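Q: let me see the structure of the following:
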Amino acid sequence: VLEDPVRPEVSGTVEEFRHADVTTVMITGDHKDTALATARTLKIADSPAQCMTGAELDCLDDGALADKISEIRVFARVSPDHKVRIVRALKKSGGVVAMTGDGVNDAPSLKAADVGIAMGMSGTDVAKQAADIVLTDDNFATIREAVREGREIYANIKKTVIFLLSSNFGEIMTMFFAILFSFPAPLKASHILWINLITDSLPALALGVDKNDGKSLMRCPPRKASESLFARGGIACTLFYGALITVIGLAAFLVLPCGVLAAEGELVSNPFTWVERLRELMSREQILSKSQTYAFTVLGMCQLYHAIGMRDVQKSVFAMHPWDNLLMVAACIIGFVLQFAVTEIPFLIRAFGTSHLSGQEWLLLSVLAAFPLFAHE
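A: Numbers count the residues shown, from 1 in each chain. As a prediction, this is how the structure comes out:
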């Protein structure tokens with residue numbers, strides 16, 4: 001008995017693809033019975049109805065093939081032209097098609113697929129030139145690793161973009177609402193630049209190289225090629241955290257003058273004139289400087305907390321492993337230290353126009369800044 005055994009890594013890869021909602025289709029020149037036996041071993045197909053020969057394929061036009069192809073898992077006794085038709089039919093049915101091959105006769109179908117994958121060791125030069133990706137180890141399991149890596153890269157891009165947009169949206173809306181009520185600007189130009197350079201850029205870079213839960217990503221269905229970056233809750237996440245950062249920023253900016261009004265009893269006795277009184281209080285340089293320092297400090301720190309939560313919006317922060325992303329740990333430490341420095345080091349206080357903060361003020365602002373993390377939990 002002659003037998004070409006299935007490589008041991010293929011069965012597990014096909015099974016993982018199945019959980020990832022990636023359909024594996026076998027295309028071979030072998031006899032139908034031989035192909036079905038191998039497909040059963042790999043759990044690609046389990047009945048003759050899921051197999052089709054090249055002769056049967058010739059009896060179908062392109063439209064009929066596109067209608068039927070979702071039911072077929074094995075194609076046997078096929079020619080190079082048949083492979084191209086199969087790839088085109090799979091694409092027409094709405095699939096994103098990756099085609100593997102190593103021979104000259106595979107080149108047309110590799111070219112026709114969305115992603116052509118050639119074997120680097122046993123493949124011909126023609127196949128390699130026609131393909132988009134070349135597997136240097138000829139290992140089918142490497143395709144699984146490429147799919148996982150692609151999903152991780154996309155996940156990092158998505159959470160980085162959402163983090164940056166929600167953070168900047170929060171800053172913009174904080175400024176907008178303050179101006180809408182004719183209050184002074186909560187942030188100076190130097191404050192905005194500092195936040196964008198220190199507490200935005202470093203965490204965003206850390207999110208871009210974050211280590212994801214590959215097993216969890218491989219249990220998710222693939223996204224459509226036309227899917228927006230803000231699909232699957234992305235837009236809601238952006239708007240929610242943007243709105244939360246806005247509320248936090250405005251609360252930090254107004255907490256001091258509101259405290260003064262509360263101490264004077266005006267928030268209760270004159271509820272219709274408190275906005276005018278807030279404007280009057282903020283015209284005092286000392287109160288305005290302190291209020292801007294509060295807003296600056298809180299907006300800077302809350303974006304660091306926001307970045308920690310954005311590592312995985314489906315998990316508690318206590319279930320994440322901080323040492324999987326040392327760059328995020330470093331970004332947060334650097335961010336908090338620098339944010340502390342601009343209110344405590346005299347020459348930085350003069351440069352940024354901030355005010356010194358007491359221990360009690362730091363405690364209050366730290367709790368307020370942590371609200372994105374509380375919301376995440």
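Q: so where's the protein uncertain?
A: Applying pLDDT under 70 to the chain flags the ranges 1-3, 265-272.
Q: could you pull out the strands for it?
A: 26-27, 51-53, 74-76, 98-101, 115-119, 133-135 (DSSP state E).
Q: the longest one pairs with which strands?
A: Looking at strand 115-119 with DSSP bridges, its paired strands and their directions are strand 98-101 (parallel), strand 133-135 (parallel).
Q: what residues does the last one touch?
A: The set of residues external to strand 133-135 that reach it, using C-beta atoms under 8 Å, 6 or more residues apart in numbering, is 115-120, 123, 128, 142-143, 146. Any C-beta I mention is one placed from the backbone N, CA and C, and that applies to glycine too.
Q: pull out the buried residues from those residues.
A: 115-120, 123, 128, 142-143 (16 or more other C-beta atoms under 10 Å).
Q: tally of neighbours for residue 321?
A: 8 (other C-beta atoms under 10 Å).
Q: if I look at residue 173, how far off is residue 81?
A: When C-beta to C-beta, to the nearest Å is the yardstick, residue 173 and residue 81 sit 59 Å from each other.
Q: same check, this time on residue 217
A: Residue 217 is 37 Å from residue 81, by C-beta to C-beta.
Q: who's more crowded, those two?
A: Neighbour totals were compared for residue 217 and residue 81, and residue 217 leads with 17 against 14 (other C-beta under 10 Å).
Q: ok, that one - contacts?
A: Counting by C-beta under 8 Å, 6+ apart, residue 217 touches 148, 151-152, 155.
Q: and these, which is closest to residue 97?
A: Nearest to residue 97 among those: residue 151, at 17.3 Å, using C-beta to C-beta.
Q: number of residues surrounding that closest one?
A: Neighbours around residue 151, by other C-beta under 10 Å: 19.
Q: nearest spatial neighbour of it, skipping sequence neighbours?
A: residue 217 (4.4 Å; C-beta to C-beta, 6 or more residues apart in numbering).
Q: for the one you found, give its distance to residue 13.
A: 15 Å.
Q: repeat that for residue 375.
A: In terms of C-beta to C-beta, residue 375 sits 39 Å off from residue 13.
Q: neighbour count: these two, which is higher?
A: Neighbours were counted for residue 375 and for residue 13 using other C-beta under 10 Å; residue 13 has more, 21 against 13.
Q: wait, that one touches residue 140, no?
A: Yes. Counting by C-beta atoms under 8 Å, residue 13 touches residue 140, with 5.6 Å between them.
Q: residue 300: what's it in contact with?
A: Residue 300 touches 194-195, 198-199, 335, 339, 369, counting by C-beta under 8 Å, 6+ apart.
Q: next: residue 315.
A: Counting by C-beta under 8 Å, 6+ apart, residue 315 makes contact with residue 213.
Q: next one: residue 278
A: 183, 254, 257-258, 261.
Q: those, buried ones only, as a ChimeraX selection?
A: Listed next is the ChimeraX selection for buried residues among the contacts of residue 278, using 16+ other C-beta under 10 Å:
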select :183,254,257,258,261
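Q: ok, how many other residues are close to residue 98?
A: Neighbour number of residue 98 under other C-beta under 10 Å is 19.
Q: try residue 337
A: 10.
Q: for residue 20, grab phi and psi.
A: phi -90, psi 10 (degrees, to the nearest 10).
Q: these two touch, right, residue 369 and residue 297?
A: Yes. Applying C-beta under 8 Å, one finds residue 369 in contact with residue 297, separated by 7.5 Å.
Q: overlap in contacts, those two.
A: residue 252.
Q: so what touches stretch 25-36?
A: So stretch 25-36 is contacted by 38-39, 42, 44-45, 48, 51, 53, 72-78, 82-83, 86, 90, 109 (C-beta under 8 Å, 6+ apart).
Q: now, of the residues you listed, which are buried?
A: Here, 16+ other C-beta under 10 Å leaves 38-39, 42, 44-45, 51, 53, 72-78, 82-83, 86, 90, 109 buried among the contacts of stretch 25-36.
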